[in-house]
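A.B. asks: Just the structure for this:
(one chain, ligands or ions: 1)
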Amino acid sequence: MNDEDIVIPHKKKMDRAMKAIKLKEGVYWVGVIDWDLRNFHGYITQRGSTYNAYLIIDEKVTLIDNVKSFLFEEMLSRISDIIDPSKIDVLIQNHTEMDHSGGLPELIKYLPDTAIYTNANGIKALKRHFKQDWNFNEIKSGDSIKIGKRTLAFLTTPMVHWPDNQFTYCPEEKILFSNDGFGQHIASNERFAKELPAGIVMEEAKKYYANIVLPYSKQVKKVLEEAGKWDINMICPSHGVIWTAENIPEILSAYHNWAYNIADDYKALIIYDTMWKSTQKLAYTISAAFEAEGFRAQLVNLQTNHISDVMTAVMDAKFIAVGSPTLNSSILPTVAAFLYYLKGLSPRNKIGLAFGSYGWGGQSIPILHQLLGDPKECGFAMLEPVQVQYIPDEEELTRIKSNLQRQIREKLNAM
Ligand SMILES: Cc1cc2nc3c(=O)[nH]c(=O)nc-3n(C[C@H](O)[C@H](O)[C@H](O)COP(=O)(O)O)c2cc1C
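C.D. replies: Numbering: from 1, shown residues only. As a prediction, this is how the structure comes out:
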């Protein structure tokens, strides 16, 4: 190996502290970095996050989205790095949620009459949030405005993931400002996906989809179709890093697979909790049955895994087994919490399996079977439930394993 073949990571000089980051000539990232964020309405954000705002310097100086209120000063400092904030002429609000709008009341103090462009749902929601009648300008899907030599075109993306969401597209720059679409919760000084390890960025994008976007996959399909008509070489989401030409195909194809609930037929996820480890024994036996049939099986104990991480793993698993012992004629609270979360996020096209150990009534198993299989609940196609009284013995485990292997083979043949 020659010296020049050795790559030393992070040996580039970086000076980004509180400064605007140039994305293209006249287009800047002026967002903020929330290094400490670890829990975002119940979603565990191990890597923190960013709230991205974008400044375009044109005849009309434009700011797209803003930030959580407590980080307003950081955004202001980045804007001031480029221009006096009072020179902003146009505000685009792609989403009402306060991680992107929380800075508005402070911003409006600098810009009392500035036009805010958003859709009808956005105006309604902003009024409900801030109780102010600011200079709102309603846009509809397909509308565009001229801000000088650049155009900003709007695509409303209702329920991806709130009724007020919209995308803004700049054809002259080929930039899509996608708000929560294509976002990831990553706090970093790197601004581009290509600057971070690809696996980490994709995993966080997947986690974001699993926990925020998944219930709206039907709408995502439509949005992908519409946005597919645009020529895009940069996607600027409202969280995390920016996608450039190198990795746009990868994130678009991942969104396609996630929106269409395309799972790996040979991946099984075995999710459980246990009091005295009998249900855990069943979980390991179920895992062994899947492995014997050539599956990648993943065991998830809900005592040690957060439900927002479990959801990421659910995305590409075809088979989802959920286990709980019977506790007080019901299931363990950790499993109940997970199943309610799962139902809300509505993954589709899965095959489910309920399992558990019990002492006398054994109610947990039919409860799990119903919560996974009922069309009004998760609506999964179900395998036969697996249940054992108290502690399973070797003979029972062997029988459970071979019975499950037979069912797996039958399902695969039928697919
Ligand atoms: C506090 C408590 C409450 C229980 N309630 C029930 C019950 O209502 N019905 C039942 O069938 N078994 C009940 N059991 C028995 C367990 O389901 C049984 O011990 C089972 O084997 C535990 O499985 P595990 O080892 O996976 O925790 C209860 C056990 C405990 C400790």
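
A.B. asks: Measure how buried Asn413 is and give me the count.
C.D. replies: Other residues near Asn413 come to 7 when the count uses other CB atoms under 10 Å. Glycine gets a C-beta too; all of them are placed from N, C-alpha and C.

A.B. asks: And what about it, helix, strand or coil?
C.D. replies: helix (DSSP: H, G, I helix; E, B strand; the rest coil).

A.B. asks: That one and the ligand, how far apart?
C.D. replies: Using CB to the nearest ligand atom, to the nearest Å, Asn413 is found at 32 Å from the ligand.

A.B. asks: Please apply the same query to Val213.
C.D. replies: Note on Val213: its distance to the ligand, by CB to the nearest ligand atom, is 34 Å.

A.B. asks: Can you name the residues that contact the closest residue to that residue other than its chain neighbours?
C.D. replies: Once flanking residues are discounted, Val213 sits nearest to His161: 5.8 Å by CB to CB, 6 or more residues apart in numbering. Counting by CB atoms under 8 Å, 6 or more residues apart in numbering, His161 makes contact with Asp180, Ile212, Val213, Pro215, Tyr216.

A.B. asks: try it again with 7 Å
C.D. replies: Taking CB atoms under 7 Å, 6 or more residues apart in numbering, we find His161 in contact with Asp180, Ile212, Val213, Tyr216.

A.B. asks: Then Gln387?
C.D. replies: Going by CB under 7 Å, 6+ apart, Gln387 touches Phe355, Gly356, Tyr358, Gly362, Ile365.

A.B. asks: Return the list of strands paired to the strand or helix carrying it, each annotated with direction.
C.D. replies: Secondary structure from DSSP states H and E places Gln387 in strand 386-389. Using DSSP bridges, the strands paired with strand 386-389 are strand 351-358 (parallel).

A.B. asks: What average pLDDT does the partner strand get?
C.D. replies: Mean pLDDT, strand 351-358: 98.

A.B. asks: Is the ligand within reach of it?
C.D. replies: Yes. Using CB under 6 Å from any ligand atom, we find that strand 351-358 touches the ligand at Ser357, Tyr358.

A.B. asks: returning to what we had before: which one of the contacts of Gln387 is nearest to the ligand?
C.D. replies: Closest to the ligand out of those is Tyr358 (3.7 Å), distances taken as CB to the nearest ligand atom.

A.B. asks: re earlier: between the contacts of His161, which sits nearest the ligand?
C.D. replies: Ile212 (32.3 Å).

A.B. asks: number of nearby residues for the closest one?
C.D. replies: Ile212: 22 surrounding residues under other CB under 10 Å.

A.B. asks: is it fair to say it lies in a strand?
C.D. replies: No. Assessed with three-state DSSP, Ile212 is helix; it does not lie in a strand.

A.B. asks: which residues sit against stretch 330-339?
C.D. replies: Contacting residues not belonging to stretch 330-339 are listed as 271, 273, 302-303, 307, 310, 322, 324-325, 363-364, 367-368, 371 [CB under 7 Å, 6+ apart].

A.B. asks: Let's see that with 6 Å instead.
C.D. replies: Residues outside stretch 330-339 that contact it (CB atoms under 6 Å, 6 or more residues apart in numbering): Asp273, Leu302, Ile307, Ser324, Ser364, Ile367, Leu371.

A.B. asks: May I see the buried residues of that stretch?
C.D. replies: Neighbour counts over stretch 330-339 (16 or more other CB atoms under 10 Å) mark Ile331, Leu332, Thr334, Val335, Ala336, Phe338, Leu339 as buried.

A.B. asks: give the contact list for the spatially most central residue of the chain.
C.D. replies: Centroid-nearest residue in the chain, with CA atoms, centre = their mean: Tyr208, separated by 1.5 Å. Applying CB under 6 Å, 6+ apart, one finds that Tyr208 lies in contact with Gly183, Gln184.
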